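Visitor: Quick one: sequence and predicted model below, then my questions.
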Amino acid sequence: GAVVSQHPSRVICKSGTSVKIECRSLDFQATTMFWYRQFPKQSLMLMATSNEGSKATYEQGVEKDKFLINHASLTLSTLTVTSAHPEDSSFYICSAPTRDRAGANVLTFGAGSRLTVL
Amino acid sequence: AQTVTQSQPEMSVQEAETVTLSCTYDTSESDYYLFWYKQPPSRQMILVIRQEAYKQQNATENRFSVNFQKAAKSFSLKISDSQLGDAAMYFCAARNSGNTPLVFGKGTRLSVIA
């Protein structure tokens, strides 16, 4: 089935630095990628939607200058957390629309990236 | 906008027994889809079961089945013959048709007691 490869799985960085998270669709073309954020013991909250060849669409309350999303190709979407602060520490997950074995339109998730900002 | 509500933060079940996780949703769309996802400690999101809103028949996947009550906007998950590996966070989610994101409920943490 479809696979979304997300890297890194864990990253620790110092305050003020930037961190890039990559999501690649391995055997399909992802024209759209959804980026979610999950705080400990909480649900997944949609941050933004990236579309290949156009600007990302951000959800209300998400700082687009802090969370830079780029959809450089049909197989790669990236999230860059700029000037990271401890409150940006979270679990970030990407997902792309795909088809399951029955042909239904579903979302396939990456394995997630745990960001810790010191 | 869609909203998804899970009113059970935690549930527990004895191994081999049956448990039902509740979910209600709200949407103004006529064409939408409902899902249950499992998130184990690894935090990988795993699709458990899905239901198309236009289908009256409840979806089933082996030990997992749903009770879809469209008029009541209810979408509960039944896990039969519970196994230790079923212990995880379970998220109910809804999605409109097309390239749209999932909207998640707050989740239910399921414990399975040996």
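Guide: That came through fine. Numbers count the residues shown, from 1 in each chain, chains lettered A, B, ... in the order given.
Visitor: Spell out the residue ranges of the strands in the chain.
Guide: Picking chain A for this. A:4-7, A:10-13, A:19-25, A:32-38, A:44-51, A:57-58, A:67-73, A:76-81, A:90-99, A:105-109, A:113-117 (DSSP state E).
Visitor: think we crossed wires, I meant chain B
Guide: With DSSP E as the criterion, chain B has strands at B:3-5, B:10-14, B:19-21, B:24-26, B:32-39, B:46-52, B:60-61, B:64-69, B:74-79, B:88-96, B:103-104, B:108-113.
Visitor: and chain B, which residues reach chain A?
Guide: Within chain B, the positions lying close to chain A (C-beta under 8 Å from any C-beta of the partner chain) are B:33, B:35, B:42-45, B:47, B:50, B:52, B:91, B:95, B:97, B:99, B:101-107. Just so you know, the C-beta spots here come from the backbone N, C-alpha and C atoms, and that holds for glycine as well.
Visitor: from those, which would you call buried?
Guide: Among these, those classed as buried by 16 or more other C-beta atoms under 10 Å in any protein chain shown are B:33, B:35, B:43, B:45, B:47, B:50, B:52, B:91, B:95, B:101-107.
Visitor: So in terms of bridging, what pairs with the residue nearest in space to the middle of chain B?
Guide: When C-alpha atoms, centre = their mean is applied to chain B, the residue found nearest the centroid is residue B:36 (3.1 Å). Beta-bridge partners recorded for residue B:36 (DSSP bridges): residue B:49, residue B:92.
Visitor: I figured it hits residue B:46, correct?
Guide: No: contact status for residue B:36 versus residue B:46: not in contact, 9.8 Å apart, counting by C-beta atoms under 8 Å.
Visitor: Perfect, I'm done here.
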